[in-house]
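A.B. asks: turn this into a structure:
(one chain, ligands or ions: 1)
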Amino acid sequence: MKEFAGLTDEEVELLRRTGRLSIDVADKMIENVIGTFELPYAVAVNFLINGRDYMVPMVIEEPSVVAAASNAAKWCREGGGITSIASEQIMVSQIQLVKVPSPHTAVIKILERKKEILDVANSTNELLVKLGGGAKDVEVKVLDSPVGKMVVVNLVVDVRDAMGANIVNTMAEAVAPIVEEASGGRALLRIVTNLADRRLVRAWTRVPKDVIGGEEVVEGIVYAWAFAAADPYRAVTHNKGIMNGVIAVALATGQDTRALEAGAHAYAARRGRYEPLSTWEMDPSGDLIGYVELPIAVGTVGGSIKSNPMTRLSLKILGVKTAKELAEVMGAVGLAQNLAALRALATEGIQRGHMKLHARQLALAAGARADEVDKVAEEVVKSGVITLEKAQEVLQNIRSRK
Ligand code: MEV
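C.D. replies: Here you go, the predicted model:
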């Protein structure tokens with residue numbers, strides 16, 4: 001590596017230096033490990049969810065997100081907090097059957113063997129079955145694809161406290177020979193769907209109008225939401241704001257963030273058009289009512305969660321015992337994050353607060369020491385030119401003044 005990339009001794013040392021995740025553990029988590037990678041770890045405060053107080057660990061590189069979530073959580077708290085309810089923890093894996101001679105007959109033939117399919121699927125995970133989970137249903141559909149008809153089997157599995165991808169992939173591979181035989185075709189793909197639309201979180205809140213600046217601000221937030229409802233170009237950014245919160249908690253708790261993103265955005269487009277995942281409305285008394293609905297497939301058990309001491313710590317700080325509860329917290333954070341963004345956008349804009357924090361990052365990048373950062377950031381913001389070059393110039397000036 002050193003030769004290939006022309007690394008200095010200091011850079012090699014930087015790679016060698018690891019923190020709480022040891023190189024041995026990291027090396028077992030993924031392949032070709034040459035180090036570990038750190039990001040800021042923060043806690044969002046003020047969250048009252050389903051009547052319980054939470055401190056919410058968040059991992060994110062973007063300034064403002066944690067402060068925004070904490071502010072919005074405070075506004076929600078004034079109206080009684082956030083209610084968040086997750087559905088059952090159902091994941092689906094798909095088995096693709098190609099070259100099926102009579103696709104519609106195959107549907108029947110496969111369904112006739114449903115019990116056998118479920119038994120074989122469940123034989124791969126006795127513990128899950130003991131915990132009340134396991135494969136629960138088999139669904140079969142015929143698809144018209146660009147290369148002709150194909151048959152797809154959905155294996156519907158209650159995965160309890162696991163994220164579940166591994167569980168359902170194992171089950172799909174185990175039952176593929178049965179459905180292949182029943183269909184007379186060939187089983188090709190056997191894989192989870194990340195459109196986890198049977199694993200939804202629904203969260204809502206009421207924010208008293210006076211807490212967020214009166215009826216005009218409430219109206220502004222509703223207009224902001226309506227823009228997203230009418231225009232996918234706005235909806236995707238609206239949803240990005242929701243995912244700022246969801247993914248920061250996901251990273252802190254060791255989740256598969258790509259699965260969450262893929263699922264959320266596919267769900268946003270489920271009606272054939274990309275839509276906002278939340279709605280905002282003014283109630284008759286002028287208060288703001290917010291609602292979010294999205295798939296959240298997360299786990300509190302499983303390899304990557306247990307092996308990283310920081311993700312274990314995050315779950316302890318959160319005090320969540322089940323995947324369902326973790327998903328409920330994440331949905332609530334997404335809703336609060338969305339509220340904070342919309343309020344900022346509908347009032348002073350996000351740049352003022354954002355730029356202050358951004359200037360601190362620039363100050364750091366310019367080489368400012370911890371005791372210089374705030375001063376540099378302040379002068380950069382005052383100058384109105386918020387660039388790295390400006391931060392370097394300001395830093396030089398400050399040092400020469402000393
Ligand atoms: C920035 O990370 C997130 C926002 O763009 C979200 C939004 O526009 O609603 C502020």
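A.B. asks: L111 against V138, yeah?
C.D. replies: Yes - if you go by CB atoms under 8 Å, L111 and V138 touch, sitting 6.8 Å apart. Where C-beta positions appear, they are placed from N, C-alpha and C, glycine not excepted.
A.B. asks: comparing these two, which residue is more hemmed in?
C.D. replies: Set L111 next to V138 and count neighbours by other CB atoms under 10 Å: V138 wins out with 21 against 14.
A.B. asks: excluding chain neighbours, what is closest to the more buried one?
C.D. replies: In space, not counting the residues next to it along the chain, V138 is nearest to K114; the distance is 4.8 Å by CB to CB, 6 or more residues apart in numbering.
A.B. asks: number of nearby residues for the closest residue to the ligand within the stretch 101-250 of the chain?
C.D. replies: Taking CB to the nearest ligand atom, the ligand has its nearest neighbour within the stretch 101-250 of the chain at G241, 2.8 Å off. Counted with other CB under 10 Å, residues neighbouring G241 total 24.
A.B. asks: list the contacts for it?
C.D. replies: Contacts for G241 were tallied using CB atoms under 8 Å, 6 or more residues apart in numbering; they are 337-338, 341-342.
A.B. asks: backbone dihedrals for the residue nearest to V138, please?
C.D. replies: As for K114, its main-chain torsions (degrees, to the nearest 10) stand at phi -50, psi -50.
A.B. asks: okay, it: pLDDT?
C.D. replies: Predicted confidence (pLDDT) for K114: 98.
A.B. asks: give me the number of residues near it?
C.D. replies: Neighbour tally, K114, other CB under 10 Å: 14.
A.B. asks: the spatially most central residue of the chain: helix or strand, and which one exactly?
C.D. replies: The residue lying closest to the centre of the chain (CA atoms, centre = their mean) is I247, at 3.5 Å. Using DSSP states H and E, I247 sits within helix 232-252.
A.B. asks: got the CA positions of that helix in CSV?
C.D. replies: Presented in CSV, the C-alpha positions along helix 232-252 are these (Å, rounded to 0.1, in the frame of the first residue of the first chain):
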residue,chain,number,x,y,z
PRO,A,232,-40.4,14.8,-7.2
TYR,A,233,-37.4,17.1,-7.5
ARG,A,234,-38.4,18.6,-4.1
ALA,A,235,-39.7,15.3,-2.7
VAL,A,236,-36.3,13.6,-3.0
THR,A,237,-34.6,16.4,-1.0
HIS,A,238,-37.5,16.4,1.5
ASN,A,239,-36.9,12.7,2.0
LYS,A,240,-33.2,13.2,2.2
GLY,A,241,-33.8,15.4,5.2
ILE,A,242,-35.8,12.5,6.8
MET,A,243,-33.0,10.1,6.1
ASN,A,244,-30.4,12.4,7.6
GLY,A,245,-32.0,11.4,10.9
VAL,A,246,-32.7,7.8,10.1
ILE,A,247,-29.3,7.0,8.7
ALA,A,248,-27.4,8.8,11.5
VAL,A,249,-29.1,6.5,14.0
ALA,A,250,-28.6,3.6,11.7
LEU,A,251,-24.8,4.2,11.6
ALA,A,252,-24.6,4.6,15.3
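A.B. asks: only the buried residues of that helix, if you could.
C.D. replies: Within helix 232-252, the residues that count as buried by 16 or more other CB atoms under 10 Å are 232, 234-236, 238-252.
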